[in-house]
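Engineer: Sequence plus the predicted model coming up.
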Amino acid sequence: MKITELAKAKINLTLDILGKRSDGYHEVEMMMQTVDLTDQMIFTLRQGTDITIECDVSYVPTDERNLAYKAAKLLQDRFSVNKGVHIMLHKKIPVSAGLAGGSSNAAATLRGLNQLWELNLTTEEMVEIAAEIGSDVAFCVYGSGTAIARGRGEIIERIPKAPPMTILLVKPQISVSTAVVYQNYRSELVKARPNTKAMLEAINEQDQKAICDNLSNVLETVTFSMHPEVQRLKQQMLSFGADGVLMSGSGPTVYGIVLKEKRATKIFNALRGFCNEVFLVRTC
Ligand SMILES: C[C@@](CO)(OP(=O)(O)O)[C@H](O)COP(=O)(O)OP(=O)(O)OC[C@H]1O[C@@H](n2ccc(N)nc2=O)[C@H](O)[C@@H]1O
Ligand SMILES: Nc1ncnc2c1ncn2[C@@H]1O[C@H](COP(=O)(O)OP(=O)(O)O)[C@@H](O)[C@H]1O
């Protein structure tokens, strides 16, 4: 028996930090949006209880460090499952990019194994389990759409879908650690905080221009100071004519919303001249 699931990347339309928590995490308020850059995952039932992972790119761990493995093991232990699985992961989402690739794989594993192992879990039950794997996994359980994430990211309020928009994603050839970025966050260095209410209104009214005007991420202050080339990339995308540009999550991916289709293709080609990893995607 085989189950196929698609794992979508996310971008943060807003990301605000409200304070530091006693558990070491940061209290966040962020608007999350899926885009149609997807990994494909194929789950095949195995005899015995082994969990094995195969991936078509060499730099993703295929052992217990893989978030998909963690999700499978958690389900197996929690529900005393005496079945195994082989997971084939076709990777398209750049790794350590601020696009929640690993989290989305973990969420797709919860959905896939819920079917393969016939666990009959509700979405809400999967969301609860997701929080034990990572802060971004809960949002990814829903598969697609727009939401506000609070707490350490695991409390999800689903909101109306953002309008369909063309997005350019650019992943610079550097690696940033989410933990290090959060550790180095200093609220006094933030000049303008996100206005979540204004962004919500913009989405409710399907006002693309207002969405572009309200993009905001307080973690830019940290990643830009560690890697000035990420800030330069943002400036470049704005000067090329993107309508709104923001770093996603802890970075280093920078995305641009381009409201005119023809202009998006032009900017895409210009960026491909000097960046390896550029993707033209849509909100979904
Ligand atoms: C910044 C964001 C924005 O969507 O995304 P990415 O850049 O990773 O895509 C998320 O908050 C990342 O979520 P995720 O990548 O799941 O984080 P986790 O594995 O739970 O935590 C990694 C580390 O980040 C820090 N962390 C994470 C979340 C949070 N609310 N406060 C924190 O301080 C902690 O130091 C933790 O050890
Ligand atoms: N299924 C997975 N896909 C990608 N990376 C994974 C996966 N499982 C674990 N990782 C590890 O998780 C880390 C963060 O990866 P990723 O989820 O792509 O980052 P981000 O949340 O910044 O988008 C990397 O060090 C990577 O090796």
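Structural biologist: Perfect, I can see it now. Ligands and ions are numbered 1, 2, ... in the order given.
Engineer: shaky segments in the stretch 51-200 of the chain?
Structural biologist: Residue ranges of the stretch 51-200 of the chain with pLDDT under 70: none are present.
Engineer: which bits of it sit near ligand 2?
Structural biologist: Within the stretch 51-200 of the chain, the residues that sit near ligand 2 (Cβ under 6 Å from any ligand atom) are 60-61, 65-68, 95-103, 105, 178. Just so you know, the C-beta spots here come from the backbone N, C-alpha and C atoms, and that holds for glycine as well.
Engineer: What does residue 56 show for phi and psi?
Structural biologist: Dihedral pair for residue 56: phi -80, psi 0, per degrees, to the nearest 10.
Engineer: What about ligand 1: which of the residues of the stretch 51-200 of the chain next to ligand 2 touch it?
Structural biologist: With Cβ under 6 Å from any ligand atom as the criterion, these include 98, 100, 103, 178 near ligand 1.
Engineer: Show me the strands in this protein, by range?
Structural biologist: For the chain, strands defined by DSSP state E occupy the ranges 2-20, 26-46, 51-55, 84-90, 146-150, 155-159, 166-171, 216-217, 244-247, 254-258, 277-282.
Engineer: among the residues of the stretch 51-200 of the chain next to ligand 2, which ones are buried?
Structural biologist: For these, a burial check counting by 16 or more other Cβ atoms under 10 Å picks out 60, 66-68, 96-103, 105, 178.
Engineer: Looking at those, which is nearest residue 34?
Structural biologist: residue 100 (9.2 Å; Cβ to Cβ).
Engineer: OK, contacts around the closest one?
Structural biologist: 9, 10, 136, 139, 140, 249 (Cβ atoms under 8 Å, 6 or more residues apart in numbering).
Engineer: Find the one among the strands of the chain with the highest mean neighbour count.
Structural biologist: Compared across those, strand 254-258 shows the largest average neighbour count, a mean of 27 (mean count of other Cβ atoms under 10 Å).
Engineer: Was I right to think residue 107 contacts residue 134?
Structural biologist: No - Residue 107 is beyond contact range of residue 134, at 9.5 Å (criterion: Cβ atoms under 8 Å).
Engineer: the more surrounded of those two?
Structural biologist: Shown here are residue 107 and residue 134; by other Cβ atoms under 10 Å, residue 107 has more neighbours (31 against 21).
Engineer: Return the residues in contact with that one.
Structural biologist: By Cβ under 8 Å, 6+ apart, the contact set of residue 107 is 7, 71, 126, 130, 137, 138, 139, 140, 141, 143.
Engineer: Find the residue closest to the closest residue to ligand 1 within the chain in space, skipping its chain neighbours.
Structural biologist: The chain approaches ligand 1 most closely through residue 249 (2.4 Å), counting by Cβ to the nearest ligand atom. Leaving aside its sequence neighbours, residue 249 sits nearest to residue 98 (Cβ to Cβ, 6 or more residues apart in numbering; 3.4 Å).
Engineer: which residues does that neighbour contact?
Structural biologist: By Cβ under 8 Å, 6+ apart, residue 98 lies in contact with 12, 176, 178, 247, 248, 249, 250, 251, 252, 253.
Engineer: Quick one: name the residues of the stretch 151-284 of the chain near ligand 1.
Structural biologist: Counting by Cβ under 6 Å from any ligand atom, the stretch 151-284 of the chain sits next to ligand 1 at 152, 153, 178, 179, 182, 249, 250.
Engineer: Isn't the first one up against residue 25?
Structural biologist: In other words, residue 152. Yes - counting by Cβ under 8 Å, residue 152 does reach residue 25; the two are 4.1 Å apart.
Engineer: Looking at the residues of the stretch 151-284 of the chain next to ligand 1, which one is closest to residue 164?
Structural biologist: Nearest to residue 164 among those is residue 249, at 21.9 Å by Cβ to Cβ.
Engineer: surely that closest one meets residue 177?
Structural biologist: No - Residue 249 is beyond contact range of residue 177, at 11.8 Å (criterion: Cβ under 8 Å).
Engineer: These two: which is more packed in?
Structural biologist: Per other Cβ under 10 Å, whichever of residue 249 and residue 177 has more neighbours is residue 249, with 25 against 11.
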